[in-house]
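**Student:** Return a 3D structure for these sequence lines:
(2 chains)
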There are 2 protein chains.
Amino acid sequence: MFADKYMERVIRTKSHLCVGLDPILDKFPSVLLERAEKMYGKTPEGAGYAIFEFNKLIIDTIADKVPVVKPQLAYYEKYDHFGVAAFWQTVEYAQKRGLLVIADAKRGDIGTTSQAYAEAFYKSTEDEWMSSVAVDAVTVNPYLGSDGLDPFVDLSSGNDKGTIILVKTSNPSSGELQDQIIENNGKCISELVCDYINSCSNPIGKYGFSDVGAVIGATYAKDLARFREILPNSLFLVPGIGYQGGDIKLLEAAFNEKGLGAIISCTRAINYAYQTVGVSEEEAKDSILKAVDSFNQSINSVLIGAGKYFIDEL
Amino acid sequence: MFADKYMERVIRTKSHLCVGLDPILDKFPSVLLERAEKMYGKTPEGAGYAIFEFNKLIIDTIADKVPVVKPQLAYYEKYDHFGVAAFWQTVEYAQKRGLLVIADAKRGDIGTTSQAYAEAFYKSTEDEWMSSVAVDAVTVNPYLGSDGLDPFVDLSSGNDKGTIILVKTSNPSSGELQDQIIENNGKCISELVCDYINSCSNPIGKYGFSDVGAVIGATYAKDLARFREILPNSLFLVPGIGYQGGDIKLLEAAFNEKGLGAIISCTRAINYAYQTVGVSEEEAKDSILKAVDSFNQSINSVLIGAGKYFIDEL
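**Tutor:** This is a model prediction of the structure:
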């Protein structure tokens, strides 16, 4: 199960942190970009090279410090198939270093097409033309309803994969649709998505979580406790700390009473933790390491403060 | 403007048909797959080769018969970066043959990430590492609200691109979220998305349409007239005829009183119009051509029947 594999890594690293991997070239150490330009020119191929090099730098630095990384597909797709090649190279490299990989893809379509997306990310043994390199989990958009979600949930089940469905996202306008209360029902749209998640009959793993998770933004701290109550058996992917301004102190509500179940995602404040693009690669690594250590410590302190730190007992 | 470019092609081809390009390898003519396997083995690279070859066959057949094609990204992403390379090759090839290309990607994310997606599909002149090959329009998912949509709308504006937002999708479970009526409001979720579309201040082109369109499934025929009334200046991308069972006779409601504004999308009934994968490539072309001619004739007959066929006067 994805959920159990995730939890085993949490216990090993004593970390609930997910490092996002959003490559933004002009924030990269300039030495790295210069090397890429020398080799390929300022081309999508050069960008793909630089992205994989920078991701390796981050992964080498944090592989023993966190359970999971989360590349965001948009930043790879900017460079056409060269960027997508860098994405899949990153997936393989991270997994070899013991990390799980959540593809932040927010895919979702009609049933037959969602099936194709699920196979693209989880892979399928039924199509001999496909590669076998697969992510461990993928984020999915629920706007099309259950027949757009089922293929992901069904293919992940029994396949060690996770499906993480957008419930309440971290961005300022997320409430425009997600918070709307439904007439004669009392529930809001994102709570209907929770009903779908709870209706999935996927098994519950040994730490209490199923392979169907939810995205709940850290920026809406008051919602965290409510969704934790509604979805007791779902891992939460919680973006929004760091750059987006979510308050770490309020995150304890995303965890259950045992201090488990929230994947706290942070991207820019770690990827680009150094002060200037003039840093050497070693200096960049040092800054990234310090940032990860600091976020890990902050999150664990919050759990200790809330009386929810039991990780050493697992 | 995308809308004007689209309409000019409608007038030239006398067609409102959009040919979807959803490559499904085991439906391809077997001669083509055998060639791919001989060259690359059963590998993602072989799949990418076969996909582009098949798409060229379709495009060569229909380039003068329809205004636009619509590749669905999921079917390309199944084959990693080789599939994505075939997608971009297809985009360039179709455009060289005079077709517009709608990327059916259904992307959508928080603002900064939607900006990266918009650049991935529309391209940006501000990033020198990117290629310049861009699609003409992209489908976008509204679940994250306006800040996830704005980057697409803003980048398309003044850039000859179209943003086509999911309003009411064609799949059986689309109503689970999209049809929910909002408390104390009377509107449903998909109507809130229409409000967003109408709030965009993008200019209206010379045929009465803006560059912000809507996906409205043909399978919910009773909704077509209602959405046409709510969104008088939006092009509708209407999937769901053919394989999904939408009734062509009811499609006239998606057009305005001048018989304009609906992009009727059909995929499998055209891509795989031949009876058996044992066909030669020439036989496949013949079947595809017959299917396109037949759909064009059906759609125009419906418009004639509804007193909405004025295309020869434009």
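**Student:** Can you report how many residues lie near the nearest residue to A:Asn300 once chain neighbours are set aside?
**Tutor:** Leaving aside its chain neighbours, A:Asn300 sits nearest to A:Tyr309 (6.3 Å; criterion: CB to CB, 6 or more residues apart in numbering or on different chains). The C-beta positions use only the backbone N, C-alpha and C, and glycine is treated the same way. By other CB atoms under 10 Å in any protein chain shown, 19 other residues sit near A:Tyr309.
**Student:** what residues are up against A:Tyr309?
**Tutor:** By CB atoms under 8 Å, 6 or more residues apart in numbering or on different chains, A:Tyr309 lies in contact with A:259, A:300, A:303.
**Student:** gap between it and A:Ala262?
**Tutor:** 13 Å (CB to CB, to the nearest Å).
**Student:** Tell me which of the contacts of A:Tyr309 fall in helices.
**Tutor:** For the contacts of A:Tyr309, the ones inside helices are A:300, A:303, with DSSP state H as the criterion.
**Student:** host element of the nearest residue to A:Gln178 once chain neighbours are set aside?
**Tutor:** Computed as CB to CB, 6+ apart, the closest residue to A:Gln178 that is not its neighbour in sequence is A:Ser190, at 4.3 Å. Using DSSP states H and E, A:Ser190 maps to helix A:189-199.
**Student:** Buried residues in that helix, which are they?
**Tutor:** Within helix A:189-199, the residues scored as buried using 16 or more other CB atoms under 10 Å in any protein chain shown are A:189-194, A:196-197.
**Student:** still on that earlier bit, you'd agree the residue nearest to A:Asn300 is in a strand?
**Tutor:** No - under DSSP: H, G, I helix; E, B strand; the rest coil, A:Tyr309 sits outside any strand and is assigned coil.
**Student:** Let me see the backbone angles for it.
**Tutor:** Torsion angles at A:Tyr309 (phi, psi; degrees, to the nearest 10) stand at phi -100, psi 100.
**Student:** what does the model give it for pLDDT?
**Tutor:** pLDDT, A:Tyr309: 94.
**Student:** related to what we said a few turns ago, what's in contact with the helix holding A:Ser190?
**Tutor:** Here helix A:189-199 has contacts from A:142, A:146, A:149, A:165-168, A:177-180, A:182, A:187, A:212-214, A:227, A:230-231, A:233-234, B:176-177, B:180, B:189, using CB under 8 Å, 6+ apart.
**Student:** average model confidence for that helix?
**Tutor:** Mean pLDDT, helix A:189-199: 98.
**Student:** now do stretch A:46-64
**Tutor:** The average pLDDT for stretch A:46-64 rounds to 98.
**Student:** Spell out whether it and chain B are in contact.
**Tutor:** Yes - using CB under 8 Å from any CB of the partner chain, stretch A:46-64 reaches chain B at A:46-47.
**Student:** Of all the residues in that stretch, which ones are buried?
**Tutor:** Of all the residues in stretch A:46-64, those buried under the rule 16+ other CB under 10 Å are A:46-55, A:57-59, A:61-63.
**Student:** same thing with stretch A:27-43?
**Tutor:** In terms of neighbour count (16+ other CB under 10 Å), stretch A:27-43 has its buried residues at A:28-29, A:32-33, A:35-37, A:40, A:43.
**Student:** ok, and which of those residues reach chain B?
**Tutor:** Okay, of the buried residues of stretch A:27-43 touching chain B (CB under 8 Å from any CB), that's A:Thr43.
**Student:** Looking at the buried residues of stretch A:27-43, which is nearest chain B?
**Tutor:** Distance to chain B, by CB to the nearest CB, is smallest for A:Thr43 among those, at 6.7 Å.
**Student:** I figured the closest one hits B:Trp129, correct?
**Tutor:** Yes - using CB atoms under 8 Å, A:Thr43 is in contact with B:Trp129, at 6.7 Å.
**Student:** Need the three-state assignment for the residue of chain A most remote from its centre.
**Tutor:** Largest separation from the mean C-alpha position in chain A: A:Asn184, at 34.8 Å (CA atoms, centre = their mean). The three-state label given to A:Asn184 by three-state DSSP is coil.
**Student:** Report the backbone C-alpha coordinates of stretch A:62-82 in CSV.
**Tutor:** This file holds the C-alpha atoms of stretch A:62-82, laid out as CSV (Å, rounded to 0.1, in the frame of the first residue of the first chain):
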residue,chain,number,x,y,z
ILE,A,62,17.3,15.6,1.4
ALA,A,63,16.9,11.9,0.6
ASP,A,64,17.4,10.8,4.2
LYS,A,65,15.6,13.7,5.7
VAL,A,66,12.0,13.5,4.3
PRO,A,67,9.7,10.7,3.1
VAL,A,68,8.5,12.1,-0.2
VAL,A,69,9.0,14.6,-3.0
LYS,A,70,6.4,16.2,-5.2
PRO,A,71,7.3,17.4,-8.6
GLN,A,72,4.7,19.8,-10.1
LEU,A,73,4.1,18.8,-13.8
ALA,A,74,3.5,22.4,-15.1
TYR,A,75,7.1,23.4,-14.5
TYR,A,76,8.3,20.4,-16.6
GLU,A,77,5.7,20.7,-19.4
LYS,A,78,7.0,24.2,-20.1
TYR,A,79,9.9,22.6,-21.9
ASP,A,80,7.9,20.2,-24.0
HIS,A,81,9.1,16.6,-24.1
PHE,A,82,12.6,17.6,-22.8
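**Student:** how near is A:Lys78 to chain B?
**Tutor:** As judged by CB to the nearest CB, to the nearest Å, A:Lys78 and chain B stand 5 Å apart.
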